[in-house]
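Engineer: Please find the sequence and the predicted model below.
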Amino acid sequence: MTKLSVNINKIATLRNSRGGNVPNLLQVAKDVQKFGAHGVTVHPRPDERHIRYQDARDLKDVVYTEYNIEGNPQHNFIDLVLECKPTQVTLVPDAIGALTSNAGWDTITHKDYLKEVIAEFKRNGIRTSIFVDPVVAMVEGAMETGTDRIELYTESFAHEYGLGNFKGIEPYVTAAIKANELGLGINAGHDLSLDNIKFFKENIPGLLEVSIGHALICESLYLGLENVVNMYLQKMK
């Protein structure tokens, strides 16, 4: 069964909009695990507009499943990850001020940099994953960095699927086959939803984990958080 990691960034966004501690981020992390999620994901950004660095620290004692911290490996992010020692760190090439993640790594151009960062995390016993577009050359480049896994950036799939173009899955299948050949684990995330997750999961060989936040939280406004988590789990069996 593909694992579900719930990204709770949007909970922090809502909390920060009014100040205080409502909704309670730590309680939500406890709840999604109780409801059956296999992990919790956070993506702190330099401006801390949603997840704050202190949130990442506070979650260390709350997440008893898999803890995944995503972000651009700048110095303060690296220090945070080494302090928190999550199960997994996912490296994302966010530009400063980017609204959301919008591209995978160029694993060829940035190979040496990624190798250095990944080696440091692996020395500290932290599983590594890097965000990549569904391009075979980028998957092959990822292998050269020493990463344990890749995370396929799924925005283009979700967009095409929403238009009824099921062939949008094809680059992801090709990339996944190559990752399997190279012995890289496969994660995926970005714009995955209740509408498209079953199709995606059924077509990607060796899919280990998906990280879902925005859609899952939006769907929960109508259907309830516990119900939505279980709907994802059913669709990914």
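Structural biologist: Yep, it's here. Numbers count the residues shown, from 1 in each chain.

Engineer: Please verify my assumption that residue 187 contacts residue 148.
Structural biologist: No - using Cβ atoms under 8 Å as the test, residue 187 is too far from residue 148 to be in contact (9.9 Å). C-beta coordinates here come from the backbone N, C-alpha and C atoms, glycine included.

Engineer: Give me the common contacts of those two.
Structural biologist: Residues touching both residue 187 and residue 148 (Cβ atoms under 8 Å, 6 or more residues apart in numbering) are residue 129.

Engineer: more crowded one of the two?
Structural biologist: Counting neighbours by other Cβ atoms under 10 Å for residue 187 and for residue 148 shows that residue 187 has the greater number, 25 against 18.

Engineer: Who are the packing partners of the helix or strand containing that one?
Structural biologist: Element membership of residue 187, judged by DSSP states H and E, is strand 185-189. Secondary-structure packing of strand 185-189 (3 or more Cβ pairs under 8 Å, 6 or more residues apart in numbering; DSSP states H and E): strand 149-153, helix 170-182, strand 207-212.

Engineer: Centre of the chain to the second one, how far?
Structural biologist: What that stands for is helix 170-182. 18 Å (Cα atoms, centre = their mean, to the nearest Å).

Engineer: tell me which residues of it are tucked away?
Structural biologist: 171, 172, 175, 176, 178, 179 (16 or more other Cβ atoms under 10 Å).

Engineer: distance of the fifth one from residue 2?
Structural biologist: Going back to what we said before, that points to residue 178. 19 Å (Cβ to Cβ, to the nearest Å).

Engineer: where do the strands sit along this protein?
Structural biologist: 3-7, 39-42, 66-71, 88-91, 127-132, 149-153, 185-189, 207-212 (DSSP state E).

Engineer: Give the other helices and strands that the second one contacts.
Structural biologist: Secondary structure elements in contact with strand 39-42, counted by 3+ Cβ pairs under 8 Å, 6+ apart, are strand 3-7, helix 25-34, strand 66-71.

Engineer: what bits of this structure have low per-residue confidence?
Structural biologist: Under the criterion pLDDT under 70, the flagged ranges of the chain are 95-102.

Engineer: show me what contacts the residue sitting nearest the centre point of the chain?
Structural biologist: For the chain, the residue sitting closest to the mean C-alpha position, by Cα atoms, centre = their mean, is residue 211 at 4.1 Å. Listed by Cβ under 8 Å, 6+ apart, the contact set of residue 211 reads 5, 6, 7, 41, 68, 70, 90, 151, 187, 188, 189.

Engineer: how far away is the residue lying closest to residue 28 once chain neighbours are set aside from residue 172?
Structural biologist: Leaving out its chain neighbours, the residue that sits closest to residue 28 by Cβ to Cβ, 6 or more residues apart in numbering is residue 11, at 4.9 Å. Separation of residue 11 from residue 172 (Cβ to Cβ): 28 Å.

Engineer: can you list the residues that contact stretch 58-68?
Structural biologist: So stretch 58-68 is in contact with 3, 5, 25-26, 29-30, 33, 37-42, 84-90, 129, 209, 211, going by Cβ under 8 Å, 6+ apart.

Engineer: repeat that for 7 Å
Structural biologist: 5, 26, 29-30, 33, 37-42, 84, 86-88, 90, 211 (Cβ atoms under 7 Å, 6 or more residues apart in numbering).

Engineer: Likewise for stretch 164-184?
Structural biologist: Outside stretch 164-184, the residues touching it (Cβ under 7 Å, 6+ apart) are 134-136, 139-140, 142-143, 149-150, 152, 156-157, 160-161, 186, 200, 203-206.
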